[in-house]
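Asks: this one's structure only:
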């Protein structure tokens, strides 16, 4: 089944500023059990996670995690994502997945923007 989100022809990845985000998350794929992953970074247009499986480019999934929002709160977010690349991470013990998040609801976008600013 072809993906709804084509990959760019060049290897230029996220254009937005990234911020380190090291928290636990779940990666959900239709018809599969959730995978425990760890986030690496996030931007307004994407997220990177460390995953135990090597998922192919164009795999559509959902990432569920929470963002630390000052002063003391956490905001649960659910991101519809598409795998852009997967790289073996010898130091991380898995695969670094770079994912595009083409759409996010207003509350999620606002939470990501707040996290990026603080």
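Replies: Looks like it arrived, so ask away. Please read all numbers here as calculations on a predicted model, not as lab measurements. Numbering: from 1, shown residues only.
Asks: can you pull the contacts of residue 38?
Replies: 22-25, 49-50 (Cβ atoms under 8 Å, 6 or more residues apart in numbering). Every C-beta, even on glycine, is put in place using the N, C-alpha and C of the backbone.
Asks: can you pick the most crowded of those?
Replies: Neighbour counts for the contacts of residue 38 (other Cβ atoms under 10 Å) peak at residue 49, which has 27 neighbours.
Asks: residues in contact with that one?
Replies: Residue 49 neighbours (Cβ under 8 Å, 6+ apart): 25, 27, 37-40, 63, 96-97, 99.
Asks: now it: which helix or strand?
Replies: Using DSSP states H and E, residue 49 sits within strand 46-51.
Asks: moving C-terminal from that strand, which element do we reach first?
Replies: Remark: after strand 46-51, the chain's next helix or strand is strand 60-69, criterion DSSP H and E.
Asks: now do that following strand: which elements does it pack against?
Replies: Here strand 60-69 touches strand 24-28, strand 35-43, strand 73-89, helix 106-117, going by 3 or more Cβ pairs under 8 Å, 6 or more residues apart in numbering; DSSP states H and E.
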